[in-house]
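K.L.:
Just need the structure, nothing else, for what follows:
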Amino acid sequence: MTSGALLQTQVIEKAWQDPSFKAKLLADPKAAIQEALGVILPDHIKVKTVEENSDEFYLVLPPSPANVIKSEVKPNAVWGD
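P.N.:
Just a heads-up that it's a prediction; the model follows:
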């Protein structure tokens, strides 16, 4: 599990258990995470918190690999034809 995935799991579990944390997380996510978990996110990182309802499904698209992977870096595997 990546550190980002671990942090996400910890934040979700805390929000389910602590209504005041959840409210702060929705209002000011970076401050809530820092206060509750001691994790300081860099200024250039933006955090948006939304609460999914039972009749909604949110799909988060990651950044395009073209913007993340430098052109000189070649992937180890190639998707088959």
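K.L.:
could you pull out the helices for this structure?
P.N.:
Counting by DSSP state H, the segments of the chain that form helices are 3-17, 19-27, 29-37, 65-68.
K.L.:
right, so of those helices, which gets closest to Asn53?
P.N.:
The closest of the helices of the chain to Asn53 is helix 19-27. By Cβ to Cβ, the value is 13.2 Å. (Glycine included, C-beta is placed from N, CA and C.)
K.L.:
which parts of that closest one are buried?
P.N.:
For helix 19-27, a neighbour-count test (16 or more other Cβ atoms under 10 Å) marks Phe21, Lys22, Lys24, Leu25 as buried.
K.L.:
Which neighbouring elements make contact with that helix?
P.N.:
If contacts are counted by 3 or more Cβ pairs under 8 Å, 6 or more residues apart in numbering; DSSP states H and E, helix 19-27 sits against helix 3-17, helix 29-37.
K.L.:
Give me the local confidence score for Asp81.
P.N.:
With respect to pLDDT, Asp81 scores 45.
K.L.:
Put together a markdown table for the helices of the chain, with mean pLDDT and distance to Glu52 on each row.
P.N.:
Converted to a markdown table, the helices of the chain look like this (pLDDT from 0 to 100; distance: least, Cβ to Cβ, whole Å):
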| stretch | mean pLDDT | distance to Glu52 |
| --- | --- | --- |
| helix 3-17 | 93 | 11 |
| helix 19-27 | 97 | 12 |
| helix 29-37 | 95 | 15 |
| helix 65-68 | 73 | 26 |
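K.L.:
Go through those and pick out the most buried.
P.N.:
Per-stretch averages of neighbours, counted by mean count of other Cβ atoms under 10 Å, single out helix 29-37 among the helices of the chain, with a mean of 16.
K.L.:
who are the neighbours of that helix, in terms of helices and strands?
P.N.:
By 3+ Cβ pairs under 8 Å, 6+ apart, helix 29-37 packs against helix 3-17, helix 19-27.
K.L.:
List the contacts of it.
P.N.:
The contact list for helix 29-37 (Cβ atoms under 8 Å, 6 or more residues apart in numbering) reads 7, 10-11, 14, 18, 21, 24-25, 39-41, 45, 47-49.
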